[in-house]
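A.B. asks: Quick one, fold the following:
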Amino acid sequence: MSNCLHRLYFISYNLPTPEGEVHINKKVLIFNSLYFPDEAGGAEHSVKTLAEGLFEYGIKPVVVTTSTKPATRVINGVKVYYIKTRNLYWMKDSKRKNVLQKAIWHTIDMFNPFYSFLKQIVKEENPAVIHTNNLAGFSVYIWKMAKELGIPLIHTIRDHYLLCIRSTMFKNGRNCEKQCSICKFYSAPKKFASAYVDVVVGISKFILSKHLLYGFFRNAKKEVIYNTIDMEFTPRKTTYSPFIKLGYAGLLAPEKGIEFLLASFINLKRKNLKLLIFGRGVTPEYEFYLKRKYKRENIYFMGYRKDKDFFNEIDIMVVPSLVHEAFGRVAIEANFQGIPVLASNRGALLELIKNGENGMIFNPEKEGDFEQKLSLVISMLKENKFKFDPAPFSKDYTIKQYLKIYNL
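C.D. replies: Residues are numbered from 1 along each chain as shown. Okay, here's the model as predicted:
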């Protein structure tokens, strides 16, 4: 038994440690690139939900995240260390940086030794487990540190950061079939350091398999735990009306398939449809371009909505991503509201959406497939054939799965 797992065994079961002391340690130290209120996407929401859920279960979660200045706060029972970035710039400011600055940032981020001072925080907190998530801005130095301190290490894969400097494996409008030479160079130290991880968790079978294919986490135990959807499952019967409202919610960006959706919608033969777009552009210029080019009477740009009340305004959720999604939060959130989803055959969406049950999958590269699958989803609406199991995405289920992995 490794030293890490040996230590975890004695701590978790309240047995005498090798030194003869009885000690119960229910503290989990969680690392993530960003944390509330500095959220950028679904990963930050998922980590926050996990941390607060652990607190509700009597675990002591402590979060360490990057920021522009140091601070320590307690948010909903969770202690959070905001650590000033030890790199050229904070990761949220990357869009304003030039090519040379980004190259230097990524070089440092391959294995950033400037975070060695974090050892003192880890020693003071004395966690039973270290749980890393998105590590952009920290680097995989955290894994080596955990190994050196003899603390069991769990890592959750939430995107393509370890494989790709863009974290997407998407370039020039297409998914990368393999790592390019640049990404292979930058990911080499990450692949080597992945040997330090004791348990690796994928937020989908897709994202876990992708990393294993490239030789990551050879020594780790493998698990899949879907993201928590912190909503009540609200099944509903849809009353079929003359006008059916399709919805899109998320970032308005080319890789998310927003232009594919708008162009396809305009060309539909069926005319009793409305399209409601919720979200803001990846840039203000791109959002303005979309509104100008696709201005139609039955297309509505509704702007960004922080709350989820927009689900009440739509009948079908469309997730037209061109990029291979690591998960697909908005699809499952729609399902939690009893809304069927029309999703592209990209990444984890293929395992989340089951044809004829909680929606339909279409191939954006197959001509006419979008319209054909849309007709089938409309038939599901008319016949109230929606079927969805929320259990694998519930907070209780997710927390219990992680507690098993932590052995707490």
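
A.B. asks: From now on I want contacts and neighbour counts done on CA atoms only, so please keep to that.
C.D. replies: OK.

A.B. asks: where in the chain is pLDDT low?
C.D. replies: Low-confidence segments of the chain (pLDDT under 70): 1-25, 237-240, 408.

A.B. asks: 50 - rerun?
C.D. replies: 1-23 (pLDDT under 50).

A.B. asks: buried residues in the one helix or strand residue 292 maps to?
C.D. replies: Using DSSP states H and E, residue 292 sits within helix 284-293. Using 16 or more other C-alpha atoms under 10 Å as the test for burial, helix 284-293 gives 287, 290.

A.B. asks: what does that helix contact?
C.D. replies: Contacts to helix 284-293, defined as C-alpha atoms under 8 Å, 6 or more residues apart in numbering, come from residues 252, 253, 259, 280, 281, 301.

A.B. asks: Dump the helix or strand containing the third one to CSV, restricted to CA.
C.D. replies: Following DSSP H and E, one finds residue 259 within helix 258-266. Backbone C-alpha positions of helix 258-266 (Å, rounded to 0.1, in the frame of the first residue of the first chain) are rendered in CSV as follows:
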residue,chain,number,x,y,z
ILE,A,258,-24.2,29.6,-32.7
GLU,A,259,-23.8,30.4,-36.4
PHE,A,260,-24.6,26.9,-37.4
LEU,A,261,-27.8,27.1,-35.4
LEU,A,262,-28.8,30.6,-36.7
ALA,A,263,-28.1,29.6,-40.4
SER,A,264,-29.9,26.3,-40.0
PHE,A,265,-32.9,27.9,-38.3
ILE,A,266,-33.3,30.4,-41.1
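
A.B. asks: Direction included, what does the helix or strand just after that helix pair up with?
C.D. replies: Counting by DSSP H and E, the next helix or strand C-terminal to helix 258-266 is strand 273-278. Partners of strand 273-278 in the sheet, by DSSP bridges, are strand 244-249 (parallel), strand 299-303 (parallel).

A.B. asks: Let's have the ones you listed in TSV, adding distance to residue 312.
C.D. replies: Below are the strands paired with strand 273-278 laid out as TSV (distance: least, C-alpha to C-alpha, whole Å):
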stretch	distance to residue 312
strand 244-249	10
strand 299-303	13
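
A.B. asks: Most tightly packed of these?
C.D. replies: Among those, ranked by average contacts under mean count of other C-alpha atoms under 10 Å, first place goes to strand 244-249 (a mean of 21).

A.B. asks: Direction-wise, compare the helix holding residue 292 with helix 258-266 and give the angle.
C.D. replies: 10 degrees (axes from the mean of the first three to the mean of the last three C-alpha atoms, to 10 degrees).

A.B. asks: All the strands of the stretch 101-250 of the chain, residue numbers only.
C.D. replies: Along the stretch 101-250 of the chain, counting by DSSP state E, counting those that start in this stretch, strands occupy 129-132, 153-157, 170-171, 174-175, 199-202, 221-224, 244-249.

A.B. asks: What pairs with the fourth one, parallel or antiparallel?
C.D. replies: I take that to be strand 174-175. Partners of strand 174-175, by DSSP bridges, with direction: strand 170-171 (antiparallel).

A.B. asks: which residues touch the partner strand?
C.D. replies: 176, 255, 323.

A.B. asks: just those residues now: which is nearest residue 108?
C.D. replies: Taking C-alpha to C-alpha as the measure, residue 108 lies nearest residue 176 of the contacts of strand 170-171, at 24.0 Å.

A.B. asks: residue contacts, the closest one?
C.D. replies: 169, 170.

A.B. asks: Would you mind giving the domain segments of this structure?
C.D. replies: As assigned by automatic domain parsing, the chain contains the domains 3-229+394-406, 244-383.

A.B. asks: Show me the one of those domains that comes nearest residue 236.
C.D. replies: Of the domains of the chain, nearest to residue 236 by C-alpha to C-alpha is domain 244-383, at 5.4 Å.

A.B. asks: Start and end of the closest one, how far apart?
C.D. replies: End-to-end distance of domain 244-383 (C-alpha to C-alpha, to the nearest Å): 14 Å.

A.B. asks: same question, stretch 249-263
C.D. replies: 17 Å.

A.B. asks: quick one: that stretch to chain centroid distance?
C.D. replies: A distance of 18 Å separates the centroid of the chain from that of stretch 249-263, by C-alpha atoms, centre = their mean, to the nearest Å.

A.B. asks: tell me the helices in the stretch 301-408 of the chain, going along the chain?
C.D. replies: 329-336, 349-352, 369-383, 395-406 (DSSP state H, counting those that start in this stretch).

A.B. asks: Out of the ones you listed, which is the most enclosed?
C.D. replies: Note that of the helices of the stretch 301-408 of the chain, helix 329-336 is the most buried (mean count of other C-alpha under 10 Å), with a mean of 23.

A.B. asks: same for it, what does it pack against?
C.D. replies: Contact here means 3 or more C-alpha pairs under 8 Å, 6 or more residues apart in numbering; DSSP states H and E; on that basis helix 329-336 packs against strand 316-319, strand 341-344.

A.B. asks: Of those, which is nearest residue 47?
C.D. replies: Minimum separation from residue 47 across the helices and strands packed on helix 329-336 (C-alpha to C-alpha) falls at strand 316-319, 22.6 Å.

A.B. asks: Note down every partner strand of the closest one and its orientation.
C.D. replies: By DSSP bridges, strand 316-319 pairs with strand 244-249 (parallel), strand 341-344 (parallel).

A.B. asks: For the ones you listed, give me CSV that also has distance to residue 75.
C.D. replies: Formatted as CSV, the strands paired with strand 316-319 follow (distance: least, C-alpha to C-alpha, whole Å):
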stretch, distance to residue 75
strand 244-249, 27
strand 341-344, 34
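
A.B. asks: Quick check: which of the ones you listed is nearest to residue 224?
C.D. replies: Nearest of those (C-alpha to C-alpha): strand 341-344, 21.3 Å.
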